[in-house]
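J.: Sequence plus the predicted model coming up.
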Protein chains: 2
Amino acid sequence: MATQINLGDPRVKRTRQLLQEAFISLMMEGRFRDITVQQIADRATVNRATFYAHFEDKFDLLDSAIRERFKQELAARMPNASVWSKDHLRLLVTIIFECVAMTNHECKPSDRDFAPYRERAIQEETEAILLGWMRQPNFPGSPEGVTTQTLAMVWSWAIFGAATQWSRSERRAEPEELARQVTLTLLRTVSAL
Amino acid sequence: MATQINLGDPRVKRTRQLLQEAFISLMMEGRFRDITVQQIADRATVNRATFYAHFEDKFDLLDSAIRERFKQELAARMPNASVWSKDHLRLLVTIIFECVAMTNHECKPSDRDFAPYRERAIQEETEAILLGWMRQPNFPGSPEGVTTQTLAMVWSWAIFGAATQWSRSERRAEPEELARQVTLTLLRTVSAL
DNA sequence: TGGGTAATGTCGGTTAGGCGACAAAAGTGA
DNA sequence: TCACTTTTGTCGCCTAACCGACATTACCCA
């Protein structure tokens, strides 16, 4: 990340996407800790130095790749994501469960202590989406003395945390069922319609 | 094709491949004559000017894309293509039939008179492969007074021409059957084992 | 037929990517 | 522990890709 880079430049978009795809592809085959920057660059048909022009290290790329994949999944399965509804909330929770589970695949043995919470990118994205929903007029009112920002933060962490914990458990239930329960729980924090 | 370009440069390889893939993808959807350079460049995430740095026009790209796809098909289905055998010849003929038929798909109404023989790229590749086979010791001898070069030329055109004509016919037989017959015919031009 | 529109090629100036080399850090094994 | 190897970041020079603009050519339909 030496010099500033113009994210609008088509070359930049393409390079970042190639790196993300290469990384995901490698994650399918092996463990995160075994993947080298050289491998990622090779598969992306990009020079290793170029990698460092876009990402701090492979952890940084992990963040970015997860966030991007989450966005894509969201765009594909929730076309009008900006509109609030209970069904949308449940679908959002389901998607998060699935995405977190996917990235935890073969990545469980806590890479270097801090890695486990790297998927926090998803939490940040979720918070932004929730904020958009909560600003809409038909959204139920927050509890007295609780700001929209706070509520979004609480919800996003609740969902993300549940997803993380669930993904680490051995025998896990279907994501849809757990998503339903989590959604019901969240809705109880706001005034009934 | 303004300045000469280094084919070894990874950026060049990638760009050319992106353009070829974009082109094939567009060919799946519509007719050749309706495809614009701008469309190809857009789908390849490449600038239109960059297109012209690599190819004369879309006909040039067509040549290159066909040649490349043919090579790939060959590499995938005939691992040791450099070794001569009757079975290899029959397989080669079959692949040519399929490739020519594929590129003629939705391209029949002879685009601008000369387009029909643009697939000649395949003929050129075929000739090179045949030459390699004919130089091997276990290849049957050419007829008296006929050079290897000539034989390779005759064979390659025979195969390619048959494939072209066959691909234009309405009700066509299975490629395997016709390939068998063409192969048998070709083999009669050389002295029996 | 003629005029508007779209596609085609081409040209300099700018920016990102490729490359080789380097030191530093991390991993490996005797 | 200490060499040896691999991987990691970083730097400067060069090349290819991007961009906007332009003249040219093809196309369409009034």
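T.: Received it, and whenever you're ready, just let me know what you need.
J.: alpha carbons only for contacts and neighbour counts from here, please
T.: Fine.
J.: To which secondary structure element is A:V154 assigned?
T.: Assigned by DSSP states H and E, A:V154 belongs to helix A:148-168.
J.: Which positions within that helix qualify as buried?
T.: When neighbours are counted by 16 or more other C-alpha atoms under 10 Å in any protein chain shown, the buried residues of helix A:148-168 are found to be A:148, A:151-153, A:155-164, A:166-168.
J.: excluding its backbone neighbours, what's nearest the residue nearest the centre of chain A?
T.: Among the residues of chain A, the one closest to the centroid is A:I122, at 2.4 Å (C-alpha atoms, centre = their mean). Spatial nearest neighbour of A:I122, chain neighbours left out: A:R67 (5.9 Å); criterion: C-alpha to C-alpha, 6 or more residues apart in numbering or on different chains.
J.: check which helix or strand covers the one you found.
T.: helix A:58-77.
J.: What is the subsequent helix or strand relative to that helix?
T.: Counting by DSSP H and E, the element after helix A:58-77 in chain order, helix or strand, is helix A:86-104.
J.: Quick check: next helix or strand after that next one?
T.: Helix A:86-104 is succeeded, C-terminally, by helix A:120-134 (DSSP H and E).
J.: Which strands or helices does that following helix pack on?
T.: Taking 3 or more C-alpha pairs under 8 Å, 6 or more residues apart in numbering or on different chains; DSSP states H and E as the contact definition, the neighbouring helices and strands of helix A:120-134 are helix A:58-77, helix A:148-168.
J.: rerun that using 10 Å as the cut-off
T.: helix A:58-77, helix A:86-104, helix A:148-168 (3 or more C-alpha pairs under 10 Å, 6 or more residues apart in numbering or on different chains; DSSP states H and E).
J.: Out of these, the one nearest DNA strand C is which?
T.: Ranking these by proximity to DNA strand C (C-alpha to the nearest atom of the strand) places helix A:58-77 first, at 13.5 Å.
J.: Convert the closest one to CSV, retaining C-alpha atoms only.
T.: Extracted in CSV, the C-alpha atoms of helix A:58-77 (Å, rounded to 0.1, in the frame of the first residue of the first chain):
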residue,chain,number,x,y,z
LYS,A,58,-2.8,-12.0,3.3
PHE,A,59,-4.9,-11.2,6.4
ASP,A,60,-5.8,-8.0,4.8
LEU,A,61,-6.7,-9.8,1.6
LEU,A,62,-8.8,-12.3,3.7
ASP,A,63,-10.8,-9.4,5.1
SER,A,64,-11.4,-7.9,1.7
ALA,A,65,-12.2,-11.3,0.0
ILE,A,66,-14.8,-12.2,2.7
ARG,A,67,-16.4,-8.8,2.6
GLU,A,68,-16.7,-9.0,-1.2
ARG,A,69,-18.1,-12.5,-1.2
PHE,A,70,-20.6,-11.5,1.4
LYS,A,71,-21.7,-8.6,-0.7
GLN,A,72,-22.0,-10.7,-3.8
GLU,A,73,-24.1,-13.4,-1.9
LEU,A,74,-26.2,-10.6,-0.6
ALA,A,75,-26.8,-9.0,-4.0
ALA,A,76,-27.7,-12.3,-5.5
ARG,A,77,-30.1,-13.5,-2.9
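J.: Quick check: residues of chain A near chain B?
T.: Residues of chain A lying close to chain B (C-alpha under 10 Å from any C-alpha of the partner chain) are A:P10, A:R11, A:K13, A:R14, A:A44, A:T45, A:V46, A:N47.
J.: list the buried ones in the strand or helix carrying A:Q181?
T.: Using DSSP H and E, the element containing A:Q181 is helix A:175-187. Within helix A:175-187, the residues scored as buried using 16+ other C-alpha under 10 Å are A:P175, A:E176, A:L178, A:A179, A:R180, A:V182, A:T183, A:L186.
J.: what does stretch A:38-53 give?
T.: Going by 16+ other C-alpha under 10 Å, stretch A:38-53 has these buried residues: A:I40, A:A41, A:R43, A:A44, A:T45, A:V46, A:N47, A:F51.
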